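*Asks:* With the input below, show me the fold.
(2 chains)
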Amino acid sequence: DGGITQSPKYLFRKEGQNVTLSCEQNLNHDAMYWYRQDPGQGLRLIYYSQIVNDFQKGDIAEGYSVSREKKESFPLTVTSAQKNPTAFYLCASTGPSYEQYFGPGTRLTVT
Amino acid sequence: KQEVTQIPAALSVPEGENLVLNCSFTDSAIYNLQWFRQDPGKGLTSLLLIQSSQREQTSGRLNASLDKSSGRSTLYIAASQPGDSATYLCAVNGNFNKFYFGSGTKLNVKP
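*Replies:* From the prediction side, this is the model:
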């Protein structure tokens, strides 16, 4: 089955530690995205990548970093510089019709 | 910057009722608009995608319309069921394949 996988589903970290969230897709999509969702709010764009080895900052990129070394993979690192990292993180991709497909999400809790 | 607003924020209806969810956006220069469903703690599931040249799309009991000139879209749900209870989000695709999301309408369909 084609789709987007995110791991882990739940992640707990201590303040001051960097953490990497995984996102993998087998849809052969060029564009991939990372969003953050806080309770009762819509999605806010962190980073996006239109093609391998290229990515752009979204609206809330501070404290986050990404890489795009393979078409299938777009990992997100939440660094210690992110002041309020506890949130629900969603990865997405788009194909030729520009329809977005989402993964199941990772809930990150930092204490 | 594109702003997307969804009204109402929450809606509670008895089973069997027809209902309309609203989405408005400030910049009419969009490529497409997509409606999603999100269950608690889950990722987003695509419901309908409307390209900018289209006026409406239908899937089963769902019908979405788009009026670009007025910056509005509606999602019509016919004969609502308890299984329709979820949060519904709309997203517009603006320039450079960036998506802007509303904060969603939380729907509760009572048996």
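*Asks:* quick one: low-confidence ranges for chain B?
*Replies:* B:96 (pLDDT under 70).
*Asks:* how about the residues of it that lie near chain A?
*Replies:* Within chain B, the residues that sit near chain A (Cβ under 8 Å from any Cβ of the partner chain) are B:4, B:31-32, B:34, B:36, B:41-46, B:49, B:89, B:91, B:93, B:96-99, B:101-104. The way it works is simple: take the backbone N, C-alpha and C, and place the C-beta from them, glycine included.
*Asks:* so of those residues, which ones are in strands?
*Replies:* B:4, B:32, B:34, B:36, B:44-46, B:49, B:89, B:91, B:93, B:99, B:101 (DSSP state E).
*Asks:* Next, work out how far apart residue B:50 and residue B:56 are.
*Replies:* Per Cβ to Cβ, to the nearest Å, residue B:50 is found 7 Å from residue B:56.
*Asks:* Show me the common contact partners of the two, please.
*Replies:* B:64, B:65, B:66 (Cβ atoms under 8 Å, 6 or more residues apart in numbering or on different chains).
*Asks:* For chain A, state which of the residues you listed is nearest.
*Replies:* Nearest to chain A among the shared contacts of residue B:50 and residue B:56, counting by Cβ to the nearest Cβ, is residue B:64 at 13.1 Å.
*Asks:* what helix or strand is that closest one on?
*Replies:* strand B:62-67 (DSSP states H and E).
*Asks:* Packing partners of that strand?
*Replies:* strand B:32-38, strand B:44-51, strand B:56-59, strand B:72-77 (3 or more Cβ pairs under 8 Å, 6 or more residues apart in numbering or on different chains; DSSP states H and E).
*Asks:* Sheet-wise, list the partners of that strand with their directions.
*Replies:* Taking DSSP bridges as the criterion, strand B:62-67 sits next to strand B:56-59 (antiparallel), strand B:72-77 (antiparallel) in its sheet.
*Asks:* Columns mean neighbour count on top of the ones you listed, output as a markdown table?
*Replies:* Below are the strands paired with strand B:62-67 laid out as a markdown table (neighbours: other Cβ atoms under 10 Å in any protein chain shown):
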| stretch | mean neighbour count |
| --- | --- |
| strand B:56-59 | 14 |
| strand B:72-77 | 20 |
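*Asks:* Between these, which one is closest to residue A:37.
*Replies:* strand B:72-77 (19.6 Å; Cβ to Cβ).
*Asks:* Can I get the closest one as PDB, trimmed to CA atoms?
*Replies:* What follows is strand B:72-77, C-alpha atoms only, in PDB (Å, rounded to 0.1, in the frame of the first residue of the first chain):
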ATOM      1  CA  ARG B  72     -15.300  31.200  -0.200                       C
ATOM      2  CA  SER B  73     -15.800  27.500  -0.100                       C
ATOM      3  CA  THR B  74     -18.500  25.400   1.500                       C
ATOM      4  CA  LEU B  75     -18.600  21.700   2.500                       C
ATOM      5  CA  TYR B  76     -22.100  20.300   2.400                       C
ATOM      6  CA  ILE B  77     -22.700  17.000   4.300                       C
END
